[in-house]
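Colleague: Predicted coordinates and the sequence they were generated for:
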Amino acid sequence: MTWFTTLALNPLRRDARRLFSSPQAMHAAVMGAFPPEAETESADGRVLWRVDEGDGTRTLYVVSPEKPDLGHVVEQAGWETSPAKCAAYGAFLNQLTRGQQWGFRLRANPVKSLRQGDGDRGKVVPHVTVAQQIEWLVGKSQGLGFDVADPLGEDASENGPSLTVTARDDRRFRRADRDGQGCGRVTLRQAQFDGILTVSDVAQLQRALVFGIGRGKAYGCGLMTLRRI
């Protein structure tokens, strides 16, 4: 069973600001919501998380194959009067049908591989412009079970599906190894996509929603959320 969890965070708390400043710290806090023996990736999906910023508030979203216990995050960075809200995700996923339109949000790490020779996987480099990032998602969408209109291309329509990059950020932080020791600095280029999608393949979209999209999933990328329009 897959779970969808939301938690309101208090940006005025010191520990909350520490978590916001480091994807590594937030990753550790999210993974601390599961016992060591819990499966953080299974046939039902993997642990994904994202923090959205609103008007003076921030919300943590978690998708996971196990039900999380975020009590420590509430204690450190939330409100005791506002505990995490967990719901079985399957009931929502089973509502998806081909041809439906949904509003969506995705924070992702758009990258490409530069091949240097035969058999070489190539160097992974980020897409740096809005146009490149939009092209990246449009190109991936067919294999993920949904269609989006490219606002820069011929398929753009005034009344049809839309796609915009609403935020871009380079996150720089120190990554820790399995022993908790620092093992170098990481720069993660993130792009937040908002728009409207059309479901083209239900099974593929369901898989994308529980396994994530693209790279950087441990650090707050890859979780797509849907909303009714």
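Modeller: That came through fine.
Colleague: need the helices for this structure, in chain order.
Modeller: Using DSSP state H, the helices of the chain run over 14-21, 23-31, 71-77, 90-93, 130-141, 202-211.
Colleague: mind saving the C-alpha coords of the last one as CSV?
Modeller: Spelled out, it's helix 202-211. In CSV, the C-alpha atoms belonging to helix 202-211 read as follows (Å, rounded to 0.1, in the frame of the first residue of the first chain):
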residue,chain,number,x,y,z
VAL,A,202,-3.1,5.3,-16.6
ALA,A,203,-0.6,2.6,-15.5
GLN,A,204,2.4,4.7,-16.6
LEU,A,205,1.1,7.8,-14.8
GLN,A,206,0.3,5.8,-11.6
ARG,A,207,3.9,4.5,-11.7
ALA,A,208,5.3,8.0,-12.2
LEU,A,209,3.3,9.3,-9.2
VAL,A,210,4.7,6.6,-6.8
PHE,A,211,8.2,6.1,-8.1
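Colleague: so for that helix, what's the average pLDDT?
Modeller: For helix 202-211, mean pLDDT is 98.
Colleague: Quote the end-to-end distance of stretch 79-91.
Modeller: 28 Å (Cα to Cα, to the nearest Å).
Colleague: cool, stretch 18-25 as well?
Modeller: Terminal residues of stretch 18-25 lie 7 Å apart, using Cα to Cα.
Colleague: Please point out which parts of that stretch sit buried.
Modeller: For stretch 18-25, burial by neighbour count (16 or more other Cβ atoms under 10 Å) applies to L19, F20, S22, P23, Q24, A25. Every residue, glycine included, has its C-beta placed from N, CA and C.
Colleague: ok, back up a step: could you dump the helices of the chain into JSON lines with distance to D169 added?
Modeller: Formatted as JSON lines, the helices of the chain follow (distance: least, Cβ to Cβ, whole Å):
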{"stretch": "helix 14-21", "distance to D169": "12"}
{"stretch": "helix 23-31", "distance to D169": "11"}
{"stretch": "helix 71-77", "distance to D169": "20"}
{"stretch": "helix 90-93", "distance to D169": "28"}
{"stretch": "helix 130-141", "distance to D169": "12"}
{"stretch": "helix 202-211", "distance to D169": "22"}
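Colleague: Compare the ones you listed and give me the one nearest Y219.
Modeller: Closest of the helices of the chain to Y219 is helix 23-31, at 3.7 Å (criterion: Cβ to Cβ).
Colleague: How about residues contacting that closest one?
Modeller: With contacts defined as Cβ atoms under 8 Å, 6 or more residues apart in numbering, helix 23-31 is touched by 18-20, 40, 47, 49, 51, 60, 62, 68, 72-73, 76-77, 171, 173-176, 186, 188, 218-220.
Colleague: Tell me the one of the buried residues of stretch 18-25 nearest A88?
Modeller: Taking Cβ to Cβ as the measure, A88 sits nearest to L19 out of the buried residues of stretch 18-25, at 26.3 Å.
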